[in-house]
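Chemist: Predicted structure and sequence below. I'll ask about it afterward.
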Amino acid sequence: MKLVYDLETTSLDVHSCEILGVAICIEVGTAYYITFPEDEKGILKILKVLRPYFEDDTIEKVGHNLKFDNQVLKQYGINVKGKLHDTMVTDYILYPERKKHGLKLLSKLHLNYKQIEFNSIALGKSKEKKTLEGIDPKLITEYACEDVDQTLQIFNFLYPKIESYKLEKIYTLDNRLVEVLTAMEYNGVTIDSQKLLKVESEIESRLVGILESIGKFTGANININSTKQLNKLLFDELYIEPIGSKNKNGNYSVSKNVLKKLETKHEIVKMILDYRSLYKVKSTFIKALKKVNPKTKKLHTSINQTRTETGRLSSSNPNLQNIPSKTIGSKLRECFTASSDQHSLIGVDYSNIELRVMAIISRDEKMIKAYREGIDLHKLTASKVLEIPYEDVSDSQRDMAKAINFGLIYGMTSLGLSESLTNTTGSEYTVEQCQNFINQYFELYQGVAKCKEELIYKATINGYTETLFGRKRSLLNINSNDSYKRESAKRLAMNTPIQGTAADIIKIAMVNIHDRIQKEELQSKMILQVHDELLFDVPKNEVVYMEKVIKHEMENAVHLPVALIADLKTGKTWADVH
DNA sequence: TATACCGCGTT
DNA sequence: GACGTACGCGGTATAG
C-alpha cells in the first residue's frame, strides 16, 4: 500500500503557515479512495488519525514536492517515515532539461488533463500573496483531491519509465535525498545579526567615501550602477578609449574585466571597481542574510533539487551557495555561526573532486598514478606543460596549471583559456600560447584526450550524456547544423559527466551521513551544501565523533580507482572552517 | 508591471 | 558575432 498525500496551507512559509486540509489518496487494487476534511476545525483530528500512518516506516509515501509537505507536518509534530516517492523529483530525473516540474504541468503533459488552477480559487492581489485562507472548503476540497489524484496517476505513469531508462540508482538516491533536504531546510542556519550590522555599517561608510571621491570627476547625480551612464562618463566625458565593440544596446562593456584593463587610464576606474564590489556585497549578500525567520531566528534557504541539468543542487531565497569566500567575503562568512556556545560548526569539502572524477572516468594512467602517489596534480601539469622539473614549479606557475586543469573540465578553447589565464595570473597569454598549452595537455594526459572523444561520440549516437551512476542529460544539439550549438553540446557531453558524477557522490554522502545521525540519534545537524562542501552544526560533545563520521562517510561514499579525500575543519563560524 | 539584458558572486 | 560549466539575483532600461 502507498499513501499519497497533499496538504493545503495558508501560505508557502512552512514555519508560519497553517494546514487547511490534507487530501489523502490510497490505491486499493485499481480503485482510489480520496478524502479531505471539509471542516476547518477537523484538521487536528484528521492529523491525529493520520499520524500513525505518516510515521509508519513500512508504508511508502507518494507526493509532489514532499519537501514542502513534510516540513509542514514536522511543524505540526509529525515526522514522516517510510520510503518516499516524489513525483516532482521523478519527473526531474527523467527530464532534467525541462526547467519546470509543477504538478499542473505534468498533469497536462503526461495525462493530457487540465487541472483546476490555484489562482482560480485563491484570493489575493499580487500573485506572490495569493492564499487559500478564507476560501470555501468545498472549493479547496475539490482542488486538493484533484491534486492528490493526479499525483498518484502521474506516479503510476512515470515510475515504470525509471526502470526502462535504467535510472533506478539515481531514482533511489534522489528520493532518499528528499528527506535530507527537508531536514536541512527546516533546521536553517544561524546568523550573527549583530556582527552583520557591524559589517554593513563598515561597508556603508566606505561606500560613502568612495562616492565622494568619484564625485570630484562627475556631474551631480550620476548612477554608477547604470552601464549606460557609465559609458557616457568614461568614454564621452573623460575621453577614455573604449575596449572591444558595442553590445546590442549600443554600449561598450564596462564589466570588471574591461575596467581592470582601463585602470591605468584614469584614477576613477579603480574607484568604480571598489564601489562595485562593495555595493554588490551590500545590495545582494547583506540583504540576503537579513532574511532571518522571526519565528525560528534562523535563516532558511530553499534547497532546490529539480533545477539544474547536471544533477547539482541549487539554493535560493536566499542563495547561500554564492556567499563570497575571498577578501571581503570572509567578513560575511563570519556571520554564519554555530547555533549556540555549546555548538561548533564543522566544515568539510572534497579535495579536487571534479579532477578526481575526471581521472576516474577517463582512467587516465598518469592522473590516476599522480593521485595514488599523492602528487600535486596542478604542479605536475605545470611541469609538463611548461617543460620544467616538478620541483621547480613556482606558485604562480601552479596557479596557471590549475586554470588549465579547470579549463579542461569546462571544455576549454584557446581563446577562453587565454582570458582565464590573464585573469587568474595577471599576466598576458596569447591565444597561440594557450593553444600550445592545450596541445601539450592532451599530449600529457592521453587518456583524457581519448575519453573526451569517446564521450562526444557516445553523445552523438545516444543523444544524451550520463554520469557514472546513470544520471542522464539529453543533448539534442549535439548533431545540430549550427556549429556554435554543436560545439556547446560537445562541451556539455564532457562537462556533465564530471560535474554530475561529483554531484551524485556528495548526494550519496549526504544520505549516508543523515542516516547515521538518525539511526544513532545524534543531535548534529547538516545545514548547508555548496556543491563539494558540507556544513554541520554540532553539539560540542559530538564534535570528535562527528568529525570521524563525516570524514568516513564522505571518503567512502563510493569506492573508485582514485580515493576521495575530504578536508575537515571545526570552528565557531563558517569563515573559520572554510 | 513584466521582461530583457548586464553584471557578478560561488563552484 | 560569439568564444569554458552550473546557478540566483540585483540593478537599469524599455515595452506595454
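Modeler: The structure has been received and is ready for your questions.

Chemist: isn't there a strand covering A:K569?
Modeler: Yes - checked against DSSP: H, G, I helix; E, B strand; the rest coil, A:K569 lies within a strand.

Chemist: Who are the contact partners of it?
Modeler: A:346-348, A:576-578 (C-beta atoms under 8 Å, 6 or more residues apart in numbering). The way it works is simple: take the backbone N, C-alpha and C, and place the C-beta from them, glycine included.

Chemist: with those in mind, which one is nearest to DNA strand C?
Modeler: A:H578 (17.2 Å; C-beta to the nearest atom of the strand).

Chemist: Torsion angles phi and psi at the residue nearest to the closest one when sequence neighbours are not counted?
Modeler: Excluding its sequence neighbours, the residue lying closest to A:H578 (C-beta to C-beta, 6 or more residues apart in numbering) is A:G347, at 5.5 Å. Main-chain torsions, A:G347, degrees, to the nearest 10: phi -110, psi 140.

Chemist: So A:G347 is in contact with A:A575, correct?
Modeler: No - A:G347 lies out of contact with A:A575 (C-beta atoms under 8 Å); the separation is 9.5 Å.

Chemist: per-residue confidence for A:I26?
Modeler: Here, the pLDDT recorded for A:I26 equals 86.

Chemist: And it, which helix or strand is it part of?
Modeler: Per DSSP states H and E, A:I26 falls inside strand A:19-28.

Chemist: Output the below-cut-off pLDDT ranges for chain A.
Modeler: A:29-33, A:38-41, A:124-129, A:220 (pLDDT under 70).

Chemist: The contacts of A:K569 in strands, which ones?
Modeler: Judged by DSSP state E, these include A:346-348 as members of strands.

Chemist: Now neighbour count too, for those residues, in CSV please.
Modeler: Formatted as CSV, the ones in strands among the contacts of A:K569 follow (neighbours: other C-beta atoms under 10 Å):
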residue, neighbour count
A:I346, 24
A:G347, 24
A:V348, 24
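
Chemist: For DNA strand B, what's its nearest residue on the stretch 451-578 of chain A.
Modeler: DNA strand B sits closest to A:H531 of the stretch 451-578 of chain A, with a gap of 3.2 Å, by C-beta to the nearest atom of the strand.

Chemist: Next, count neighbours for that residue.
Modeler: 18 (other C-beta atoms under 10 Å).

Chemist: again with A:L230
Modeler: Neighbours of A:L230 (other C-beta under 10 Å): 19.

Chemist: who does the helix or strand harbouring it touch, helix- and strand-wise?
Modeler: For A:L230, the host element (DSSP H and E) is helix A:227-231. If you count contacts as 3 or more C-beta pairs under 8 Å, 6 or more residues apart in numbering; DSSP states H and E, helix A:227-231 packs onto no helix or strand.

Chemist: Can you confirm whether that helix lies near DNA strand B?
Modeler: Yes - using C-beta under 7 Å from any atom of the strand, helix A:227-231 reaches DNA strand B at A:T227.

Chemist: can you tell me if that helix touches DNA strand C.
Modeler: Yes - Helix A:227-231 lies within reach of DNA strand C by C-beta under 7 Å from any atom of the strand, at A:228-229.

Chemist: Relative to the whole chain's centre, how far out is that helix?
Modeler: In this view, helix A:227-231 has its centroid 32 Å away from the chain centroid, taken as C-alpha atoms, centre = their mean, to the nearest Å.

Chemist: ok, is the helix or strand just after that helix in contact with DNA strand C or not?
Modeler: Moving toward the C-terminus from helix A:227-231, the first helix or strand encountered (DSSP H and E) is helix A:256-262. No - counting by C-beta under 7 Å from any atom of the strand, DNA strand C has no neighbours in helix A:256-262; the shortest distance is 10.3 Å.
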